[in-house]
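# Fold the following.
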Amino acid sequence: MPDQENPQVLIVDDDAAVCWALERALIKSGWRVQVAADVPTARRKVKLGVDVVVTDIRMPGESGLDLLASLRLDRPQLPVVVMTAHGTVESAIEAVARGAFDYLPKPLDLDRTVAVLRRALGETPLAASARPTVGFDEDGIVGGSAVMQEVYRRLAAAAGTTVEVLLTGPVGSGKEILARALHRHGPRRSGPFVHVGCAALVESQAVAELIKHRTDATNGTLFLDEVDNLPGNAQAWLVEQLAAARDPHHARLITSSRRDLAKLSATGSFREDLSWRLRAMHIALPPLTDRLDDLPALTRAFLVRAASRLNRDLSITDTAMQRFAAHDWPGNIRELKHILEEASVLAVGGVIDAEHLPMGTNESHTSTGPGFAAAAAALARRLLDSDPGKVHERALDELESALVREALARTGGNQLRAAELLGINRATLKKRMDSAGMET
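From the prediction side, this is the model:
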């Protein structure tokens with residue numbers, strides 16, 4: 001059996017030069033190494049005991065994918081890393097579908113290869129893990145930091161009443177989640193929860209829309225999200241409704257704003273009388289940078305959801321968590337959620353490391369320094385090798401996709417504001433999201 005103190009790696013490749021370079025790198029990392037030039041030899045060596053296999057796809061006779069398929073049957077717990085100089089979409093998909101721990105293109109980046117094998121061997125320290133069967137808080141409110149304790153105190157006080165509640169906080173800080181929690185624990189929990197995005201209301205139809213939504217929310221909760229964007233005529237109508245005698249069957253009103261209503265009132269862009277009425281109870285949600293102590297708990301919660309959705313165990317390394325701690329989180333919790341969802345898919349072996357995260361080590365989002373240059377050069381090499389004749393088109397597509405994802409992250413998934421940030425209309429943004437395979 002393999003020595004747990006000195007793990008053994010089996011390299012399977014008919015290219016002697018690749019085997020030599022990889023063997024040197026792995027021995028320097030403290031591992032024992034065996035080499036096989038074909039699949040039958042590899043199978044014999046596996047029976048003698050190895051801890052991880054790294055195999056090429058194209059070899060004389062049986063392929064690396066054939067080896068992978070047989071090992072899934074005979075040694076399902078043995079991690080197998082697939083490498084190839086002839087990568088295609090089909091080969092990558094097949095390798096992942098057959099259970100490869102990871103997929104590496106040639107020429108190999110030896111540092112990255114070592115990092116992948118460390119994860120496969122379980123040598124990389126993990127910060128959090130999740131299994132598909134683990135449940136999570138139905139309210140979706142996670143964290144025990146000091147600033148969140150005040151949020152919980154106010155939520156508990158307001159939940160059992162029907163008073164108006166104003167939720168404030170930056171984009172992506174969890175205002176809608178808090179509104180749903182207030183509804184779920186309130187006296188009108190059996191009624192509907194109606195979510196209205198005020199930024200999407202057109203002034204000429206705003207009042208009619210609000211009347212309809214209030215009717216839909218009868219005996220339940222009407223949540224006016226981004227009320228700071230409510231058109232002027234709708235503000236006047238809402239003041240009248242709140243000033244009128246209360247109907248016990250009307251909906252409870254909860255509003256949210258990412259801007260300070262008192263400051264907006266001072267500039268004349270929001271009615272002062274409405275501002276005061278909406279603030280019968282005020283709960284302020286902090287940005288993620290003010291509650292970094294909650295990052296481990298939030299990460300675990302999102303990993304649990306991703307694990308259930310993907311039906312596989314997931315974990316995240318200390319290195320990735322350190323990257324999280326250094327990030328400035330312009331999109332707050334929603335950005336963390338989107339990043340972990342994407343990373344969970346990319347980490348086909350189930351271990352999320354820094355390489356699976358879209359943010360770089362340089363926290364300037366508009367950096368054009370060495371990190372950006374290296375990424376651009378790597379993209380150019382990959383496209384020149386894989387798609388000659390279509391490099392320009394593919395490069396533009398990938399850059400555009402990255403811009404769209406970043407804009408959505410910064411706006412917490414708000415497509416209208418993301419489109420404004422990019423300088424395009426919402427229909428164009430949706431078309432580009434569709435073409436990039438993003439959820440809309």
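# Can you pull the domain assignment for this structure?
As assigned by automatic domain parsing, the chain contains the domains 8-123, 146-289, 364-440.
# ranges for the helices of the stretch 51-200 of the chain?
64-74, 89-97, 110-120, 146-159, 175-184 (DSSP state H, counting those that start in this stretch).
# So which of those is nearest residue 17?
Between residue 17 and those, the tightest spacing by C-beta to C-beta is seen for helix 110-120, at 13.0 Å. For every residue, glycine as well, the C-beta is placed using N, CA and C.
# Identify each buried residue in that closest one, please.
Residues of helix 110-120 classed as buried: 113, 114, 115, 116, 117, 118, 119, 120 (neighbour count, 16 or more other C-beta atoms under 10 Å).
# do stretch 169-186 as well
Buried residues in stretch 169-186, defined by neighbour count with 16+ other C-beta under 10 Å: 169-183, 186.
# For the closest residue to residue 414 other than its chain neighbours, grab phi and psi.
Excluding its sequence neighbours, the residue lying closest to residue 414 (C-beta to C-beta, 6 or more residues apart in numbering) is residue 171, at 6.6 Å. The phi and psi values for residue 171, taken as degrees, to the nearest 10, are phi -60, psi 130.
# residues contacting residue 171?
258, 331, 332, 334, 410, 411, 412, 414, 417 (C-beta atoms under 8 Å, 6 or more residues apart in numbering).
# tell me the contacts of the third one?
Going back to what we said before, that points to residue 332. 169, 170, 171, 172, 173, 174, 287, 288, 412.
# could you check the distance from it over to residue 359?
14 Å (C-beta to C-beta, to the nearest Å).
# again, but for residue 299
14 Å.
# doesn't residue 220 make contact with residue 213?
No: using C-beta atoms under 8 Å, residue 213 is not in contact with residue 220; the gap is 10.8 Å.
# what is in contact with these two at once?
residue 194.
# which ones are touching the nearest residue to residue 107 once chain neighbours are set aside?
Leaving aside its sequence neighbours, residue 107 sits nearest to residue 85 (C-beta to C-beta, 6+ apart; 7.3 Å). Under the criterion of C-beta under 8 Å, 6+ apart, the neighbours of residue 85 are 56, 58, 105, 106, 107.
# count of residues packed around the fourth one?
Spelled out, it's residue 106. 16 (other C-beta atoms under 10 Å).
# Need the phi and psi values for it.
Per degrees, to the nearest 10, the backbone of residue 106 is at phi -90, psi 150.
# how near is the spatially closest residue to it that is not a sequence neighbour to residue 64?
Once flanking residues are discounted, residue 106 sits nearest to residue 85: 3.7 Å by C-beta to C-beta, 6+ apart. According to C-beta to C-beta, residue 85 stands 12 Å off from residue 64.
# What mean pLDDT does stretch 237-251 get?
Average pLDDT, stretch 237-251: 77.
# and what of stretch 92-108?
Mean predicted confidence for stretch 92-108 is 81.
# So what's the gap between that stretch and the chain middle?
22 Å (C-alpha atoms, centre = their mean, to the nearest Å).
# could I have that stretch exported to PDB, CA atoms only?
Extracted C-alpha coordinates of stretch 92-108, given in PDB (Å, rounded to 0.1, in the frame of the first residue of the first chain):
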ATOM      1  CA  ALA A  92     -12.600  18.200 -21.400                       C
ATOM      2  CA  ILE A  93     -16.300  17.300 -21.000                       C
ATOM      3  CA  GLU A  94     -15.600  13.600 -21.300                       C
ATOM      4  CA  ALA A  95     -12.800  13.700 -18.800                       C
ATOM      5  CA  VAL A  96     -15.000  15.500 -16.200                       C
ATOM      6  CA  ALA A  97     -18.000  13.300 -16.900                       C
ATOM      7  CA  ARG A  98     -15.800  10.200 -16.400                       C
ATOM      8  CA  GLY A  99     -14.800  11.500 -13.000                       C
ATOM      9  CA  ALA A 100     -11.400  13.200 -13.500                       C
ATOM     10  CA  PHE A 101     -10.300  15.200 -10.500                       C
ATOM     11  CA  ASP A 102      -9.100  18.000 -12.800                       C
ATOM     12  CA  TYR A 103      -8.100  18.600 -16.400                       C
ATOM     13  CA  LEU A 104      -4.800  20.200 -17.300                       C
ATOM     14  CA  PRO A 105      -3.700  21.500 -20.800                       C
ATOM     15  CA  LYS A 106      -0.200  21.100 -22.100                       C
ATOM     16  CA  PRO A 107       2.300  22.500 -22.100                       C
ATOM     17  CA  LEU A 108       2.000  22.000 -18.400                       C
END
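# what sits up against that stretch?
The contact list for stretch 92-108 (C-beta under 8 Å, 6+ apart) reads 18, 21-22, 52, 54, 56-57, 65, 68-69, 72, 76, 79-85, 87, 112-113, 116, 119-120, 348-349, 382.
# can you rerun that using 7 Å?
22, 65, 68-69, 72, 79-85, 87, 113, 116, 120, 348-349 (C-beta atoms under 7 Å, 6 or more residues apart in numbering).
# which regions of the stretch 51-200 of the chain sit below the pLDDT cut-off?
86-91, 132-139 (pLDDT under 70).
# Could you rerun that using 50?
The model of the stretch 51-200 of the chain has pLDDT under 50 over residues 134-136.
# For the helices of the stretch 51-200 of the chain, give me JSON lines that also has distance to residue 41.
Shown next, in JSON lines, are those (distance: least, C-beta to C-beta, whole Å):
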{"stretch": "helix 64-74", "distance to residue 41": "10"}
{"stretch": "helix 89-97", "distance to residue 41": "21"}
{"stretch": "helix 110-120", "distance to residue 41": "20"}
{"stretch": "helix 146-159", "distance to residue 41": "57"}
{"stretch": "helix 175-184", "distance to residue 41": "55"}
